[in-house]
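Q: below: sequence and its predicted model.
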Amino acid sequence: MTAVAARDVFCVYDGAGGTAVALQGLSLSVGEGEIVAVVGPSGSGKSTLLRTVAALERPSAGSVHVFGRSVATLSRSERVRFRARELGFVDQHYWRSLDPQLSARDLVGLQLGLNGVGRRTRHGRADELLSRVGLGDRRHARPHELSGGEQQRIAVCAAIAHRPRLVLADEPTGELDAESSQIVYGLLASLVHEERATALVVTHDRGVEAVADRVLRIRDGRLSSERAGRECVEEVVVGRGGWLQLPEPLLAAAGIRTRAHARPRPEGVLLMPAADEAASAVSPRVEAAAADPGEAVVTVRSLTKTLGAGARARTLFTGLDYEFAAGAVTAVTGPSGSGKTTLLRLLGGLSSPSHGAVSILGTDISALDRADRARFRRPNVAVVSQQLGLNPLLTARENIELSLSLRGIPVLDASREAEHLLIALGLGERMNHVAAKLSAGERQRVAIARALAHPRTIVLADEPTARLDESNALAVVDVLLAAAADRGAAIICATHDRLLADRSGAELSLGTAP
């Protein structure tokens, strides 16, 4: 039997920034018992596909059937029952589903409780799943006592605890290290095999290939390629009238901005920048070595941070000493739960250390009160958190312009800087779309552009490439390296991404999580 069947699905959004087409004629089929991975560049329509299958959005045209039922025609009460009984959904915004007042055990067993399962049974199921993802000893912890990666694993467990027939997972390992990712994918595979379920997984993580029966690639809202097993060459969708759309980072790397020469060749079509553009083609990628590290602008001494109290207390790191240099990108690495996000919060004065000191430009910010830390942070520190914090009603460009205007930058200069950064990050065609209609990866790049738009001494970025495909991740890395080199900023990134870590000027590993 077919678990999911999508036929000629269109999803079109109208807004102040114009019409955005998330899906345009997409068709696919997923058989019962299959694990199907959906990959593709940021903004290609992957998350929209999951939301239509989950009956969270209605397609503008076309049909979506799940286990033979048209989900678009379900009534409101039928959609609620469908999601509660047959569906397990892992949202990329996993933190939204975690009630801060509940323990990890209660969060995992919540849907079972709503379905009428007794306390003893749901606690047993929750403890089993938490143990399988390496969090058995954290079952009594609440979300604020857990790292982002630990929260993400809990969200995955919560989505599958009630044994759904269909699991939809949107970037379920986006903030996990490689080992934790393998555990999560192994758990999903076990569920499919043990419970005779089906899984549709949206991801940029190639680790999914170890468990996926098929890998589908989406580009421009349509299925562009499919493979089972061996790698295949990526296809570019050719639309009606012969038009095709290439990724902006690819065009930028080739020096193509507004016009190109297309020449037929026996093996295909050769695209080259027009003569007047070739001279002003973008420069090669900035390597880490291009930025000579300067003086230390951030220094930590004997830094210790403990979360929780009493029996639930956990020390993330102790006696940490490190210097972060101007003009360099530093990658803070380590397994999920090792304290990467917590360290960034300490460096930005967003929380206080248990012991030790954080000094920025000679000022011990750990000795300041909350209000003084905020006043110091405003001109000196830019933060890109995992929650991003964009205004959903403003366009990508307007989010950046607003930030610059609040800092006294003239409107015309703010607009030019916003446009420059958005194009460099592959968002030239999306800059006038409201943030609410952008994909998670696109919003992530807008937040990065906003942080870099106004020169700061320090930029703190938490998992800046977590939701991005390799091409867009490279564009982000290039922009970060260029900002560090050109502006002398100390850019500090918490990351699991080896691409970012390997190209950075320095790496601070927090080691093995306790």
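A: That came through fine.

Q: where are the low-confidence patches of the stretch 201-350 of the chain?
A: Applying pLDDT under 70 to the stretch 201-350 of the chain picks out residues 227-255, 257-258, 267, 275-294.

Q: any chance you could map the helices in it?
A: 248-253, 275-278, 340-347 (DSSP state H, counting those that start in this stretch).

Q: against which helices or strands is the helix or strand following the longest one packed?
A: Tracing the chain past helix 340-347, the next element assigned as helix or strand by DSSP states H and E is strand 355-360. Using 3 or more C-beta pairs under 8 Å, 6 or more residues apart in numbering; DSSP states H and E as the contact definition, the elements that strand 355-360 packs against are strand 296-307, strand 314-325, helix 340-347. Every C-beta, even on glycine, is put in place using the N, C-alpha and C of the backbone.

Q: try 7 Å
A: strand 296-307 (3 or more C-beta pairs under 7 Å, 6 or more residues apart in numbering; DSSP states H and E).

Q: ok, residues contacting the strand it packs on?
A: 145, 313-326, 339, 342, 346-347, 353-361, 457-458, 490 (C-beta atoms under 7 Å, 6 or more residues apart in numbering).

Q: give me the buried entries from those residues.
A: Neighbour counting over the contacts of strand 296-307 (16 or more other C-beta atoms under 10 Å) leaves 145, 314, 316-317, 320, 322-326, 339, 342, 346-347, 353, 356, 358-360, 457-458, 490 as the buried ones.

Q: tell me the angle whatever helix or strand residue 486 lives in makes with strand 314-325.
A: Using DSSP H and E, the element containing residue 486 is helix 470-487. Here the directions of helix 470-487 and strand 314-325 differ by 50 degrees (axes from the mean of the first three to the mean of the last three C-alpha atoms, to 10 degrees).

Q: quick one: residue 111 is in a strand?
A: No: Residue 111 is assigned helix when assessed by DSSP: H, G, I helix; E, B strand; the rest coil, not a strand.

Q: what's the pLDDT at the closest residue in space to it that isn't next to it in sequence?
A: The shortest distance from residue 111 to any residue other than its chain neighbours is 4.6 Å, reached at residue 162 (C-beta to C-beta, 6 or more residues apart in numbering). The model reports residue 162 with a pLDDT of 92.

Q: repeat for the one 4 residues further on
A: Per-residue confidence (pLDDT) for residue 166: 93.

Q: partner residues bridging it?
A: Beta bridges link residue 166 to residue 87, residue 198, judged by DSSP bridges.

Q: would you map the strands across the stretch 301-450 of the chain?
A: Here the stretch 301-450 of the chain has its strands, by DSSP state E, counting those that start in this stretch, at 314-325, 328-333, 355-360, 363-364, 381-384.

Q: show me how this structure divides into domains.
A: The chain breaks down into these domains under automatic domain parsing: 2-227, 290-509.

Q: what angle separates the helix holding residue 486 from strand 328-333?
A: 130 degrees.

Q: so which bits of helix 470-487 are buried?
A: Buried-residue list, helix 470-487, by 16+ other C-beta under 10 Å: 472-485.

Q: which two in those residues are spaced the farthest apart?
A: Spatially, the most separated pair among the buried residues of helix 470-487 is 472 and 485, at 20.5 Å (C-beta to C-beta).

Q: may I have the phi/psi pair for residue 469?
A: Note on residue 469: its backbone torsions stand at phi -70, psi 170 [degrees, to the nearest 10].

Q: and for the nearest residue to it once chain neighbours are set aside, the neighbour number?
A: Among residues not flanking residue 469 along the chain, residue 41 sits closest, at 4.6 Å (C-beta to C-beta, 6+ apart). Neighbour count for residue 41, taken as other C-beta atoms under 10 Å: 26.
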